[in-house]
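# Need a 3D model of the sequence below.
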Amino acid sequence: MSQQPYPMAPVPPPPPNGRWQPERVDVVPGTEFGLVQLRVEPITSGMAIGSLVAGIAAILVSLIVFCFGLVGANGGWGALVAGAFTLLSVIVGIGAIIVGLVARRQIRGSGRTGQVRFTGRGVATAGISCGSAGAGIALAGLALSLVLQFSSGA
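Got it, this is the predicted structure:
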């Protein structure tokens, strides 16, 4: 009975969901070996998702601006409360725009060989749009509440 001079290497675990696919094989010069780079699955950018969430929040807060501005116009407090919520909506909306622009830059620069490829360009664009719409609606709601408050004579 002959023994092998070296023990056998352990069998590697199976790939998760069978998704290990080589993307590129580089031969190591002077040897019979090669370096395999595996394909990296694309993922949705977290910053793009954050931009969309912030944009939707800006729109929801801008609706609160309209509600308080209209309800409190006769009482004299509508413009003050609407102004506070307008400030919040504008800050969140500008944040959504900035994070969305950074996410689009991140997505554009990703995907080189061996690096993570980010997706979600449309999600980032939607976040930019929702953020700017939320800030604009809030400013329009504040203007309407000021007009109503000063026209009612309060």
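# Every contact and neighbour count from this point should use C-alpha atoms.
Noted.
# Give the helix, strand or coil label for the residue nearest in space to the middle of the chain.
Compute the mean C-alpha point of the chain, and by C-alpha atoms, centre = their mean the closest residue is residue 48, 1.9 Å away. Classification of residue 48 by DSSP: H, G, I helix; E, B strand; the rest coil places it in helix.
# Touching, it and residue 99? I think so.
Yes: with contact taken as C-alpha atoms under 8 Å, residue 48 and residue 99 are classed as touching, separated by 7.2 Å.
# which residue ranges form the strands in the chain?
22-27, 34-38, 43-44, 118-119 (DSSP state E).
# Direction included, what does the first one pair up with?
Based on DSSP bridges, the pairing partners of strand 22-27 within the sheet are strand 34-38 (antiparallel).
# tell me which residues in the strand it pairs with are buried?
residue 38 (16 or more other C-alpha atoms under 10 Å).
# for that strand, what is the average pLDDT?
Along strand 34-38, the predicted local confidence has a mean pLDDT of 79.
# Export that strand to PDB, keeping only CA atoms.
The C-alpha coordinates for strand 34-38 follow below in PDB (Å, rounded to 0.1, in the frame of the first residue of the first chain):
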ATOM      1  CA  GLY A  34      -3.300  31.500 -12.500                       C
ATOM      2  CA  LEU A  35      -5.100  34.100 -10.500                       C
ATOM      3  CA  VAL A  36      -8.900  33.900 -10.800                       C
ATOM      4  CA  GLN A  37     -11.000  37.000 -10.200                       C
ATOM      5  CA  LEU A  38     -14.600  36.100  -9.400                       C
END
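# quick one: contacts of it?
20, 21, 22, 23, 24, 25, 26, 27, 28, 114 (C-alpha atoms under 8 Å, 6 or more residues apart in numbering).
# How far off centre is that strand?
In terms of C-alpha atoms, centre = their mean, to the nearest Å, the centre of strand 34-38 is set 32 Å apart from its chain centre.
# thinking again about what came up before, so which pair among the contacts of strand 34-38 is furthest apart in space?
Of all pairs drawn from the contacts of strand 34-38, the one with the largest separation by C-alpha to C-alpha is 20 and 28; the distance is 21.1 Å.
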